[in-house]
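Enquirer: No sequence on hand, only this structure:
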C-alpha cells in the first residue's frame with residue numbers, strides 16, 4: 001500500500017512559494033495595472049503551447065468585456081481582480097498540476113450568484129466559438 005502524504009504535494013508547495021514571491025513582487029512594484037499586466041503576460045508566456053493558447057484567449061476576453069478588472073498573478077495563475085484587489089476570475093493551466101484539463105475559475109468576488117446553485121469553475125480544453133461565447137457571458141456577468 002502506498003504511503004499517504006500528510007502535507008502538500010510538490011506542486012502545491014511550489015504554488016505556495018510562488019504566491020509568496022508574487023506578494024513580495026507586488027509590494028515592491030506597487031499594485032499597478034502595468035505591473036500586473038506584465039506578470040500575467042510573463043506567466044502566460046511560460047506556459048506550454050496548449051495552455052498558452054487558452055490563457056491568451058481568456059486574457060483577450062477579459063480585456064474586451066471587463067477592462068476594469070486588474071490583471072495580476074495569483075498562485076502563478078493569470079488572474080483578474082476587482083477594484084478592491086479581490087480575484088474575480090482566474091485561469092489555471094492544465095500543466096500546473098498535470099491535470100487533464102485547464103480550469104477557468106471564479107472566486108467569491110465574482111457576481112455570479114443565482115439562487116442556491118451557480119457555476120464557480122469550468123474545465124476548459126479548447127476555445128471554440130461556443131466556448132468563447134459561454135466564457136464571455138460568464139466573465140461579463142462576474143465582473144459586474
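Expert: Looks like it came in fine. As the structure is a prediction and not an experimental result, all values here were calculated from the model.

Enquirer: what about the protein, any weak spots by pLDDT?
Expert: 1-6, 22-31 (pLDDT under 70).

Enquirer: correct me, but residue 89 touches residue 105?
Expert: Yes. The pair residue 89 / residue 105 is scored as a contact, 7.0 Å apart, by CB atoms under 8 Å. Bear in mind the C-beta positions are built from the backbone N, C-alpha and C, glycine included.

Enquirer: So which of the two has more stuff around it?
Expert: Neighbour count, other CB atoms under 10 Å: between residue 89 and residue 105, residue 89 has more, with 28 against 20.

Enquirer: what packs against the helix or strand that contains residue 138?
Expert: Per DSSP states H and E, residue 138 falls inside helix 129-143. If you count contacts as 3 or more CB pairs under 8 Å, 6 or more residues apart in numbering; DSSP states H and E, helix 129-143 packs onto helix 49-65, strand 87-92, strand 102-106, strand 121-124.

Enquirer: and the angle from it to strand 87-92?
Expert: For helix 129-143 against strand 87-92, the angle by axes from the mean of the first three to the mean of the last three CA atoms, to 10 degrees is 150 degrees.
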